[in-house]
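Trainee: Build me a model:
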Amino acid sequence: MPLTEVDLILSTSVAAALFLDFLLVTMVIPILPALLPHDPLRAGILFAAKPLCQMLFNPLFGASGLPHATMLRAGTLLGGACAFAQGLARGYRGLLAARALSGAASAGVMTGGMSLLLSSHAEGVRAQAVARALLGLTLGVSLGPVWGGVVFDASGSAAVPFCLTGAAFVLLAAHQWLALAPPPAADTPPPPPGSSRAAVFRVATSRNALTAAACMFVVSAQVGALEPAVAYALRREYGLSAWAQGVVWGAAVPAMHGVATAVVGALDARWRLPPGRWVWIGLALPAAGLPLVGLGGVAHALPRPVALALLVAGLALQGACLGCVVTMVQPLLASIADALGEPDIAPLLALSDSFQSLGFVVGPLLGAAASRHAALTEVTFLGLALASALLLPFVAALNGRLHNAAVDRYIEDEELLDASPRESGSVDFSRRSSVDDAAAAAEAGRATVGR
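Mentor: Numbering: from 1, shown residues only. The predicted structure follows:
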């Protein structure tokens, strides 16, 4: 569907924030083996510090009741400060502290940005809106390792790529301050005191929300485990330089992430499948991808070209999984919010992002441990693939519950439509029109979920 000016402002602001956020996350992948040679465990702790802090800050943003645009601006400004701090850090502890604090910036960007985007689009176009914004995330993940490796090799200093990225954060924050004031989304009355915390509790005890959040945890743990394991395998088994490692990673995981995001968004616009169906498909991909990565990480057991090809193929499948799941979990959460009768999607997004952050805490630690012993690599990735497969029946049950909820809402709208002429001797045509619109929307939703 054609983009309006408001759509362009929202998509550009959110996509740019996600781009810089994930550029900052992934640009360190090819730099770390040079900064921490022969120390994958400390590298794994460094990778885990950022999502651990993000996991702690997500509920705070979700329960804050702040305007979504304010969360986005705050996250962008803090991201710039953290980028400068990582570039100017002296020693491992300073780098670890700056990396951890960047998790608070990511919490503001993800919770505020995606809430702003989803609350400004109707149910039928949420997937396309999310796909447009996630292009920025894909570019950040793709270009981060290349950007970090190339600039680090050219300058000989880790401060240069980090400080340049920090300057880009500051420029984006200035753009958001001007472009998102006033916020393009319709203003809503402020919630009563304590309502945001109550919403967080309702969401945290929802079976549907926890299932969607578990999907984000497993997928992020899989990718998080790949980051240190693949970086050290490419250096140890293949002797690749920092920029070559960035090219291999960027050409596999982020590239397929972008392709999957674009393809799923386009197919959803045509087929209108339930979001949970796409999540189910995405979760099935690691069953083939992760074992291939484990085989490719042990180059001495296979001919080197074959092992490298297997590793890249496995990374590509995992990238497709990430794109499919992350793209469609966002509209899936919006559908869950509708089923819960929750007017603000921020608590749901905060819960999902917390589980995703937890996955990025557990994953790098697993990957770092596996990379120290080559025999554990295949076992670790087989276990992560099994975890993905175990979620498939739970996602199928979630799809069934959302389908039943959509049918119930349709029946209620039909009853409201039938009862409205009999409540009064004269018919309020303005009210009847709104009821007709609601019934038509419910009919469309039932047809969509029923496929």
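Trainee: Okay, and residue 357 sits in which element?
Mentor: Assessed by DSSP states H and E, residue 357 sits inside helix 346-372.
Trainee: Also residue 37?
Mentor: Applying DSSP H and E, one finds residue 37 in no helix or strand.
Trainee: Ok, residue 42 next?
Mentor: helix 40-64.
Trainee: Tell me what angle that helix forms with helix 346-372.
Mentor: With axes from the mean of the first three to the mean of the last three CA atoms, to 10 degrees as the basis, helix 40-64 and helix 346-372 are set at 180 degrees to each other.
Trainee: Start at 769, not 1
Mentor: Will do, 769 is the new start, and the previous item becomes helix 808-832.
Trainee: The strand or helix carrying residue 873 packs against which elements?
Mentor: Secondary-structure assignment from DSSP H and E places residue 873 in helix 860-887. The elements that helix 860-887 packs onto, with contact taken as 3 or more CB pairs under 8 Å, 6 or more residues apart in numbering; DSSP states H and E, are helix 773-794, helix 808-832, helix 836-856, helix 894-923, helix 1072-1108, helix 1114-1140. Glycine gets a C-beta too; all of them are placed from N, C-alpha and C.
Trainee: Out of these, the one nearest residue 880 is which?
Mentor: Proximity to residue 880 (CB to CB) singles out helix 836-856 among those, at 2.6 Å.
Trainee: list the buried ones in the closest one?
Mentor: 836-855 (16 or more other CB atoms under 10 Å).
Trainee: quick one, helices of the stretch 969-1118 of the chain?
Mentor: 975-1004, 1010-1039, 1043-1052, 1054-1064, 1072-1108, 1114-1140 (DSSP state H, counting those that start in this stretch).
Trainee: Outside of the shortest one itself, list whatever touches it.
Mentor: Read that as helix 1043-1052. When contacts are defined by CB atoms under 8 Å, 6 or more residues apart in numbering, helix 1043-1052 is touched by residues 895, 980, 983, 986-987, 1028, 1032, 1036, 1088-1093, 1095-1097, 1099-1100, 1103, 1156-1157, 1159-1160, 1163-1164, 1166-1167, 1170.
Trainee: For residue 1021, give me its contacts.
Mentor: 909, 991, 994, 1083, 1084, 1086, 1087, 1090.
Trainee: Which one of those is nearest to residue 899?
Mentor: Taking the contacts of residue 1021 together and measuring to residue 899 by CB to CB, the closest member is residue 1090, at 13.5 Å.
Trainee: Residue 1023 is in contact with the closest one, correct?
Mentor: No: Residue 1090 lies out of contact with residue 1023 (CB atoms under 8 Å); the separation is 11.3 Å.
Trainee: So those two - more neighbours on which side?
Mentor: In this view residue 1090 and residue 1023 are compared by other CB atoms under 10 Å, and residue 1090 has more residues nearby, 26 against 19.
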